[in-house]
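Peer 1: below is the structure, and that's it, no one-letter string:
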């Protein structure tokens, strides 16, 4: 069993020690007790990443206004930029998280074709992928230090044809930059297309995936690449349908089990409120679903990853998915999946007619000058701030048991790098209105603390009004040193501070002088 799976088991065992209760002390927003004498599990250092559409054209929307747009007019742009003109500012936003994964997938994955002329179903190819695209993917990996999960077209269902793209990946991207290949994106939706029968089932997808595996294993180049899958999202994201896939793939052939999930949806005109996105009920549902899937992974000695996710499918909910509410959701969601035993979560970036989806962590705009050169403007959306906070202060650390008594919708987590190291306590105010004093009690006394605040005026606040320690990210992914506030423990060893509404705090407490 690998070290990541050991962490999965320990975290799952720790969950019963996390308690939430309605408080009786109405003078405080929340009272938090941390059992800082024992550590559970490990959050992977590369836990947070991005999932990105292979192309905008593969989503059926062309290149937004396209190359024929008026020179000098700013327009929405693919996050990585244009082939030959990479968006280095976006790469800095990636690098800010430390090590990570960039999954090249989404709906465009199975609508985009390498060598369209020889595709079994060329009518299903909405876009082409060529060497220049692969070089752009590689530029992102090289500049950020992240590894790539390269999605392959499974809808065409032709292993020999797909092998051609694998050869191209080998030519254009150094093997060290490729974590794995992923044949197919959300195959449980294939039956909605003309390219699979209505009765297409999870066992059918397993046979197709295995055919790809056999073809790749028979090739001296392709066999170097491990696979991840099945990338199911909806009807098959359950233990019953995930188990046959895991049964059929040995750990030496499958790097991760991968699934997709969106916390809510805006498909077919549905709406999502901030209150619903931040409700404890929703996160309990996420936890229950994730724990069942993690159980399948554990039974098969496989890690499991949430390879594509975000707040609401079909592009997100304007005013919620691109507002401060999403920062608190994204942070809570990452902790929830890590608690359930997942090894990775990739927040999706996709596109809609006219621009990016409301849930994108980073939005990118471009201007083309008279000479044809592109310049990019990147905007860190609120959810990015939440993910950055997690990557900087939780990734690579271990959980501590925690209890929360609250008179409002407040959630908390505690992590530390080692026994005797500093402890970081995350306190998330997800309430629609409440704010007030918070007390943090550590079972074993520690030293001075510092408080970092991610805050906005309200849950509906957009990017211009979000601040991390009073700072904001610029277009190139840079941020000044966030301001923190020193907090000394009182005579009882407790730490008190005020938590505004629409805010998350990280209290970092140093070991006491001379040790415990």
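Peer 2: Cool, got the structure. Small disclaimer: the values here were computed from a predicted structure and weren't measured.

Peer 1: my guess is residue 148 is in a strand, correct?
Peer 2: Yes - the assignment for residue 148 by DSSP: H, G, I helix; E, B strand; the rest coil puts it in a strand.

Peer 1: for it, list each beta-bridge partner.
Peer 2: On the basis of DSSP bridges, residue 148 is bridged to residue 102, residue 178.

Peer 1: how close does it get to residue 49?
Peer 2: Noted for residue 148: a distance of 10 Å to residue 49, by CB to CB, to the nearest Å. Where C-beta positions appear, they are placed from N, C-alpha and C, glycine not excepted.

Peer 1: now the common contact residues for those two.
Peer 2: 101-103 (CB atoms under 8 Å, 6 or more residues apart in numbering).

Peer 1: what's around residue 420, how many residues?
Peer 2: 14 (other CB atoms under 10 Å).

Peer 1: looking at it, it is touching residue 511, isn't it?
Peer 2: Yes - with contact defined as CB atoms under 8 Å, residue 420 reaches residue 511; the gap is 5.8 Å.

Peer 1: ok so, going back, between residue 148 and residue 49, who's got more neighbours?
Peer 2: residue 49 (27 against 22).

Peer 1: for the chain, which segments count as helices?
Peer 2: With DSSP state H as the criterion, the chain has helices at 3-14, 88-95, 131-144, 159-172, 202-217, 239-248, 274-277, 280-299, 324-339, 382-393.

Peer 1: with distance to residue 80 as extra columns, can I get the ones you listed in TSV?
Peer 2: Listed next are the helices of the chain as TSV, based on distance: least, CB to CB, whole Å:
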stretch	distance to residue 80
helix 3-14	28
helix 88-95	7
helix 131-144	5
helix 159-172	14
helix 202-217	26
helix 239-248	30
helix 274-277	28
helix 280-299	29
helix 324-339	21
helix 382-393	16
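
Peer 1: of all those, which one is nearest residue 313?
Peer 2: Residue 313 sits nearest to helix 274-277 of all the helices of the chain, at 12.8 Å, using CB to CB.

Peer 1: which other helices and strands contact the closest one?
Peer 2: Helix 274-277 is packed against strand 254-265, helix 324-339, with contacts defined by 3 or more CB pairs under 8 Å, 6 or more residues apart in numbering; DSSP states H and E.

Peer 1: any chance of CSV for these, columns mean pLDDT, mean neighbour count and distance to residue 154?
Peer 2: Formatted as CSV, the helices and strands packed on helix 274-277 follow (pLDDT from 0 to 100; neighbours: other CB atoms under 10 Å; distance: least, CB to CB, whole Å):
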stretch, mean pLDDT, mean neighbour count, distance to residue 154
strand 254-265, 97, 23, 13
helix 324-339, 98, 27, 25
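
Peer 1: in JSON lines: the ones you listed, plus distance to residue 108.
Peer 2: Converted to JSON lines, the helices and strands packed on helix 274-277 look like this (distance: least, CB to CB, whole Å):
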{"stretch": "strand 254-265", "distance to residue 108": "14"}
{"stretch": "helix 324-339", "distance to residue 108": "23"}
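
Peer 1: for the helices of the chain, which one ends up most surrounded?
Peer 2: Most buried of the helices of the chain by mean neighbour count (mean count of other CB atoms under 10 Å) is helix 324-339; its value is a mean of 27.

Peer 1: returning to what we had before: check the helices of the chain for me: which has the lowest mean pLDDT.
Peer 2: Per-stretch mean pLDDT for the helices of the chain is lowest at helix 3-14 (a mean of 36).

Peer 1: which regions of the stretch 51-200 of the chain lie under the pLDDT threshold?
Peer 2: Confidence mapping of the stretch 51-200 of the chain against pLDDT under 70 gives the ranges 63-70.

Peer 1: go with 50
Peer 2: Nowhere does the stretch 51-200 of the chain drop to pLDDT under 50.

Peer 1: before we move on, back to that, shared neighbours of residue 420 and residue 511, anything?
Peer 2: By CB under 8 Å, 6+ apart, no residue touches both residue 420 and residue 511.

Peer 1: who's in contact with residue 97?
Peer 2: By CB under 8 Å, 6+ apart, the residues touching residue 97 are 48-49, 387-388, 391-392, 395.

Peer 1: apply 6 Å and report the result again.
Peer 2: By CB atoms under 6 Å, 6 or more residues apart in numbering, the contact set of residue 97 is 48, 391.
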